[in-house]
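S.K.: What follows is a predicted protein model with its sequence.
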Amino acid sequence: MGRAEFIALMAFLMALNALAIDIMLPGLQEIGAALNVENENHRQYVVSAYLIGFGFAQLFYGPIADRFGRRIPMIVGLAIYVVSSLAVVFVPSFESLLILRFIQGIGSAATRVITVSIVRDVFGGRQMAEVMSLIMMVFMVIPVVAPGTGQVIMLFGDWHWIFVFMAVIAVIVGVWMYVRLPETLAPADVRPFTVKVIFDGFRIVLTDRVALCYTIASTFIFGALFGFINSAQQVYVGIYGLGVWFPVAFAAVALFMALSSFVNAKLVGRFGMRKLSHGSLLGFIAINLIWLVVQVLGPQPMPFFLFITFFSLAMFQFGWIGSNFNSLAMEPLGHVAGTASSVLGFMGTIGGSIIGAAIGQAFDGTALPMVTGFFVVSVIGLIFVLIGEKGRLFQAHNKPV
């Protein structure tokens, strides 16, 4: 498999997760109406239930992938994703939908944990950061097209067909992986699947200061993104009345994130992960602070062009933070890549989804809770980076790989 095909396959595997979230955002209102959900904020549970299943399942895929390889656990996860997606077509209640979304998240967790493990098997250091940036660039195409795709699907059918579409895409990507991707786990890195070995792997991950602090920082930063996703439909449609143009606004911001990942891939080899990610984190904080001040002191609601400008600038910084923080966390843990990806993914997803749910449930008809959440989590993220780096920013630890 060539480098370009490898990056594309890894991106599409990870993108199944984004697809499961973003494609259904335009359908939340219809889902709520069809399943008698009276409280608008409760519709967000469709996203939260998925993220909880996605987060907890990550703890198991890593040790399993370190023992049995990357291919078989990935196929099992994809099968769970497909079956649960198709089962949604027959749900009789909102509670049943949430259970199936939780199960769908369990299946999708394989695509996150094992994909990162595969990339770490093949690349390290700045090369991993470069490849992860390119993967994230392709990955970010999904938020660009997914909401619009969901909107188009509902023009020709109801919201159930969105889940059928998800299942079909997962089958296509799964067949591609099965046919083209060889096993990447080196025989020397196979770890026994015992309680002692698993907990020893968890200990290695959780006692590495750099890995742990970058993971916690990422958790808070991603919490802001989850908070926006939870309330995106309410902000774009409820506050700004975009209606069917909601997917276009969503896609515009996602394009900024994709552009950011592309630029990061071009620059990380030259400047290093720390210089780029630390600078973008400081920029993220500055933009969010100005955004918060304007939100509090300016006209209500904030003019849409101003809102989308602040949001796009913040997400451009986010694109530099995400892939680099993930690579920095994984860099010292290559010998336990599967377990490391499990633990780091679990912490990031569960923590991020809880933070995101808190931000989303605080929605009060204005964008203030979301903007406040963005600023607060960015400051907390900086605190943990400083702890991980012993108070020194922009200092490279490793030579380019």
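M.R.: Right, received. Where do you want to start? Numbers count the residues shown, from 1 in each chain.
S.K.: Which secondary structure state is assigned to residue 37?
M.R.: coil (DSSP: H, G, I helix; E, B strand; the rest coil).
S.K.: check contacts around it.
M.R.: 31, 43, 94 (CB atoms under 8 Å, 6 or more residues apart in numbering). Every residue, glycine included, has its C-beta placed from N, CA and C.
S.K.: any idea which of the residues you listed is the one closest to residue 297?
M.R.: Taking CB to CB as the measure, residue 297 lies nearest residue 43 of those, at 31.2 Å.
S.K.: can I assume the closest one is in contact with residue 32?
M.R.: Yes - using CB atoms under 8 Å, residue 43 is in contact with residue 32, at 4.5 Å.
S.K.: what is in contact with those two at once?
M.R.: Joint contacts of residue 43 and residue 32 (CB under 8 Å, 6+ apart) do not exist.
S.K.: These two - which one has more neighbours?
M.R.: residue 43 (22 against 19; other CB atoms under 10 Å).
S.K.: what comes into contact with the lowest-mean-pLDDT helix or strand in the chain?
M.R.: Comparing every helix and strand of the chain by mean pLDDT, DSSP states H and E singles out helix 125-139 as the least confident one, with a mean of 77. Judged by CB under 8 Å, 6+ apart, the contacts made with helix 125-139 from elsewhere in the structure are 7-8, 10-12, 14-15, 18, 115, 119-120, 122-123, 257-259, 261-262, 264-265, 268-269, 272-273, 319, 322-324, 326-328, 330-331, 398, 400-401.
S.K.: List buried residues within those.
M.R.: Buried subset of the contacts of helix 125-139 (neighbour count, 16 or more other CB atoms under 10 Å): 7-8, 10-12, 14-15, 18, 115, 119-120, 123, 257-259, 261-262, 264-265, 268-269, 272-273, 319, 322-324, 326-328, 330-331.
S.K.: Any stretches of the stretch 301-401 of the chain with poor pLDDT?
M.R.: 397-401 (pLDDT under 70).
S.K.: what about 90?
M.R.: Regions of the stretch 301-401 of the chain meeting the criterion pLDDT under 90 cover residues 301, 315-316, 318-354, 356-367, 390-401.
S.K.: For whatever helix or strand residue 261 lives in, name the packing helices and strands.
M.R.: Per DSSP states H and E: residue 261 is located in helix 246-271. Under the contact criterion of 3 or more CB pairs under 8 Å, 6 or more residues apart in numbering; DSSP states H and E, helix 246-271 touches helix 125-139, helix 141-156, helix 209-233, helix 273-297, helix 304-330.
S.K.: Kindly recompute the last result at 7 Å.
M.R.: For helix 246-271, the packing partners by 3 or more CB pairs under 7 Å, 6 or more residues apart in numbering; DSSP states H and E come out as helix 125-139, helix 141-156, helix 273-297, helix 304-330.
S.K.: residue ranges of the helices in the stretch 1-150 of the chain, please?
M.R.: 3-22, 28-34, 45-68, 71-87, 94-122, 125-139, 141-156 (DSSP state H, counting those that start in this stretch).
S.K.: neighbours around residue 300, how many?
M.R.: Using other CB under 10 Å: residue 300 sits among 10 other residues.
S.K.: Report the secondary structure state of it.
M.R.: Applying three-state DSSP: residue 300 is coil.
S.K.: Need the nearest residue in space to it, chain neighbours excluded.
M.R.: residue 366 (6.8 Å; CB to CB, 6 or more residues apart in numbering).
S.K.: circling back to that earlier point, minimum distance to residue 50: which of the helices and strands packed on helix 246-271 has it?
M.R.: Nearest to residue 50, of the helices and strands packed on helix 246-271 and by CB to CB, is helix 141-156 at 13.8 Å.
S.K.: ok and whichever helix or strand comes after that closest one relative to helix 141-156, angle-wise?
M.R.: Next helix or strand after helix 141-156 toward the C-terminus (DSSP H and E): helix 160-180. Put simply, helix 160-180 runs at 140 degrees to helix 141-156, going by axes from the mean of the first three to the mean of the last three CA atoms, to 10 degrees.
S.K.: which is the next helix or strand following helix 160-180?
M.R.: Next element after helix 160-180 (DSSP H and E): helix 195-206.
S.K.: Distance from that next one to the middle of the chain?
M.R.: Remark: helix 195-206 is offset 25 Å from the chain centroid, using CA atoms, centre = their mean, to the nearest Å.
S.K.: same question, stretch 110-126
M.R.: On CA atoms, centre = their mean, the centre of stretch 110-126 falls 15 Å from that of its chain.
S.K.: Would you mark the buried spots in that stretch?
M.R.: Buried-residue list, stretch 110-126, by 16+ other CB under 10 Å: 110-121, 123-126.
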